[in-house]
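**Q** dropping the sequence and predicted coords here.
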Amino acid sequence: MTRCSNFLIMISCAALMTSTVWAIDAEPELENPTLQARYRLLINEIRCLVCQNQSIADSNAPLAADLRREVREMITEGSTDKEITTFLVARYGDFVLYRPPFNARTWVLWGTPLFFLGIGFLVFTRILRVRGNQPIDEGEGM
């Protein structure tokens, strides 16, 4: 490779690594450090409904920016964390929370990992039983 192509590759890598820095719109911090801490905690606990794999703190989707703005406004207006999460759940459903409550609508969400863990345990014990009943051939490996 030539020096020029190496330089272009390095510039491209640098641009890709710094792209996440510019992804989130810069919002001014709240004047009260306690409110800022509450804000940070809340936006890290609320799921982005567009990305579904990120919190609204990490997402650069327009909906995430709107939700961050909404949470900021509600905090400055004096809403409690419970009021904010209740508002968001009423508007978007339990899926908006990273830790949804256990209730009749979310039992499948909480029970599915346990179900698959049980299936894995049953498969594991079945394999152990089948292999335990097979004779060991000592002379084949030599």
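**A** Now that the structure is in, tell me what you want to look at.
**Q** how much space between the residue nearest to residue 110 when sequence neighbours are not counted and residue 84?
**A** With sequence-adjacent residues excluded and distances taken as C-beta to C-beta, 6 or more residues apart in numbering, residue 110 is closest to residue 102, at 5.4 Å. All C-beta atoms are positioned from the backbone trio N, CA, C, and that covers glycine. Remark: distance between residue 102 and residue 84 (C-beta to C-beta, to the nearest Å) = 20 Å.
**Q** between the two, which one's more packed in?
**A** When neighbours are counted by other C-beta atoms under 10 Å, residue 102 and residue 84 differ, and residue 84 comes out ahead with 19 against 11.
**Q** pretty sure that one contacts residue 71?
**A** Yes. Applying C-beta atoms under 8 Å, one finds residue 84 in contact with residue 71, separated by 6.0 Å.
**Q** identify the contacts common to those two.
**A** Residues touching both residue 84 and residue 71 (C-beta atoms under 8 Å, 6 or more residues apart in numbering): residue 42.
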